[in-house]
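Peer 1: requesting a structural model of the entry that follows:
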Amino acid sequence: MPTTLATPAGPARRAVRDPLVAGLVGLCLAAAAALVVAPPAPYLVNALGQLAAFAILAVSLDLVWGYLGILSLGHGLFFAIGGYVCAMHLLAQGVAATGVLPDFVQFMGWTRLPAYWTGLDHAAYALVLALAVAGLVAFVFGFASFRSRVNGVYFSIISQALVYVSMLLMYRNDTGLGGNNGMTGFPLLFGWPMGSPGVVTGLAVAALLTLAGVLTGTRLLVGSAIGRRMLACRDDETRLRTLGYSTTRLKLGIWCLSAMIAALAGILYVPQVGIINPRVLAPDLSIEIAVWVAIGGLGRLGGAVIGAILVNGLKFWLSAAMPEAWPFILSGLVLLVVLVLPNGLLDLVGWRPRPTWLRGAP
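Peer 2: As a prediction, the model looks like this:
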């Protein structure tokens, strides 16, 4: 019988009443309504939908890093699982409607889609499959790691190795998933032409509403008794285990939930960009996700959303204006957070003029 947890409930209770999260949920709902009533130019709508998908991905990492202390450098894998399954659904739906096989299938000399594509023309099945595969992969990897008490930098390195191995696998043409070129050329979405203004707006609205739902659900989670155990596990796992709680089950459950949220982000992202290839599994994307969370504010769900939107919004603009400058600007942002804003941009609310390395000085 576990001893009553003595960890203070304050941080978790504040999460339930977090005005930042509540404000972001309200903005998501208002933006979704505005897009339905008076949508702006399609490229702006598309950019907003992509930013919402990235924000969901950032929240998924903040859930395990900010509240459990588990830094994953492999969350791009779960994002890619959702994206690849979504792409398979869109292509299978296109084949069912037009009878034309995708280019990569014809290149391989196949006369039909591989057997494991069966049923993927049904959206509900594809959604369940994407979440189930992401959850299963996370369970196998997490069970092996947490049961062996792999923590800290070792876990981070192993998670990055996992995503890198997955990237090498997806480059193979015989996987039936597009190989090096990936999958593109999605003709339809629920019978509507892909790229039409209505579909673009619908995808952006779906991403915004999903972001609002994910923020609300995760906020309630971290404000519950489970959230208090997460904070206790992050701050002193040994003590929590001594009190009789199973930290392995706690970490494994939240880790799998985080993976499925990341897969959901991938599902929403791929139809909006119209392509997915092994590049999404490159380790630098998984590192960038951690950068978004760190810049926005670790351990604050709203901070993860702000970081993802600001960094990617800046990236969208600079990729067109000064593409060669983006890597240097991103590096500068990381250094700024590490040296001056250890809690991310949310530090600006309680700004202290002296940088981190001088705060302990007399």
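Peer 1: where does the prediction get shaky in this structure?
Peer 2: The chain contains residues with pLDDT under 70 at 1-17, 349-362.
Peer 1: that one: strands as residue ranges?
Peer 2: Counting by DSSP state E, the chain has strands at residues 183-184, 188-189, 192-193, 275-276.
Peer 1: which residue packs closest to residue 112, ignoring adjacent ones?
Peer 2: residue 101 (7.4 Å; CB to CB, 6 or more residues apart in numbering). Every residue, glycine included, has its C-beta placed from N, CA and C.
Peer 1: tell me how far that neighbour lies from residue 175.
Peer 2: The spacing between residue 101 and residue 175, counted by CB to CB, to the nearest Å, is 16 Å.
Peer 1: what does residue 154 give?
Peer 2: 29 Å.
Peer 1: also residue 254?
Peer 2: Counting by CB to CB, the gap from residue 254 to residue 175 is 30 Å.
Peer 1: in terms of neighbours, single out the busier of those two.
Peer 2: The residue with more neighbours, out of residue 254 and residue 175, is residue 254; 24 against 14, by other CB atoms under 10 Å.
Peer 1: wait, isn't the more buried one in contact with residue 229?
Peer 2: No. Assessed by CB atoms under 8 Å, residue 254 is found out of contact with residue 229, at 9.6 Å.
Peer 1: quick check: neighbours shared by the two?
Peer 2: In terms of CB atoms under 8 Å, 6 or more residues apart in numbering, residue 254 and residue 229 are not both contacted by any residue.
Peer 1: return the most buried member of the strands of the chain.
Peer 2: Most buried of those, by mean neighbour count (mean count of other CB atoms under 10 Å): strand 275-276, with a mean of 22.
Peer 1: wait, what's in contact with the residue nearest the centre of the chain?
Peer 2: Nearest to the geometric centre of the chain sits residue 57, at 1.7 Å (CA atoms, centre = their mean). Residues in contact with residue 57, defined by CB under 8 Å, 6+ apart, are 75, 79, 261, 262, 265, 266, 289, 308.
Peer 1: now do it against residue 171, distance only.
Peer 2: Taken as CB to CB, the span from residue 57 to residue 171 is 22 Å.
Peer 1: and for residue 196?
Peer 2: On the measure of CB to CB, residue 196 and residue 171 end up 32 Å apart.
Peer 1: tell me which of those two has more neighbours.
Peer 2: It is residue 171, of residue 196 and residue 171, that has more neighbours when counted by other CB under 10 Å, with 16 against 13.
Peer 1: so that one makes contact with residue 278?
Peer 2: Yes. Counting by CB under 8 Å, residue 171 touches residue 278, with 5.1 Å between them.
Peer 1: need the residues touching each of these two.
Peer 2: With contacts defined as CB under 8 Å, 6+ apart, the residues shared by residue 171 and residue 278 are residue 180.
Peer 1: count the residues that sit near residue 114.
Peer 2: 14.
Peer 1: with residue 108 instead?
Peer 2: The burial count assigned to residue 108 is 14, neighbours taken as other CB under 10 Å.
Peer 1: what values do phi and psi take at it?
Peer 2: Main-chain torsions, residue 108, degrees, to the nearest 10: phi -80, psi -10.
Peer 1: ok, now how distant is the residue nearest to it when sequence neighbours are not counted from residue 286?
Peer 2: Once flanking residues are discounted, residue 108 sits nearest to residue 173: 6.4 Å by CB to CB, 6+ apart. Distance, residue 173 to residue 286, by CB to CB: 24 Å.
Peer 1: which residues sit in contact with the residue nearest to residue 108?
Peer 2: Contacts for residue 173 were tallied using CB under 8 Å, 6+ apart; they are 104, 107, 108, 179, 180.
Peer 1: now residue 106
Peer 2: Residue 106 touches nothing, counting by CB under 8 Å, 6+ apart.
Peer 1: would you state the helices of this protein in chain order?
Peer 2: Secondary structure of the chain (DSSP state H): helices at 10-16, 19-37, 42-68, 75-98, 103-107, 123-147, 152-170, 197-222, 225-242, 247-273, 283-296, 301-321, 326-339.
Peer 1: of the ones you listed, which is nearest residue 185?
Peer 2: Minimum separation from residue 185 across these (CB to CB) falls at helix 103-107, 6.8 Å.
Peer 1: in that closest one, what counts as buried?
Peer 2: Buried residues in helix 103-107, counting neighbours by 16 or more other CB atoms under 10 Å, are found at 104, 105.
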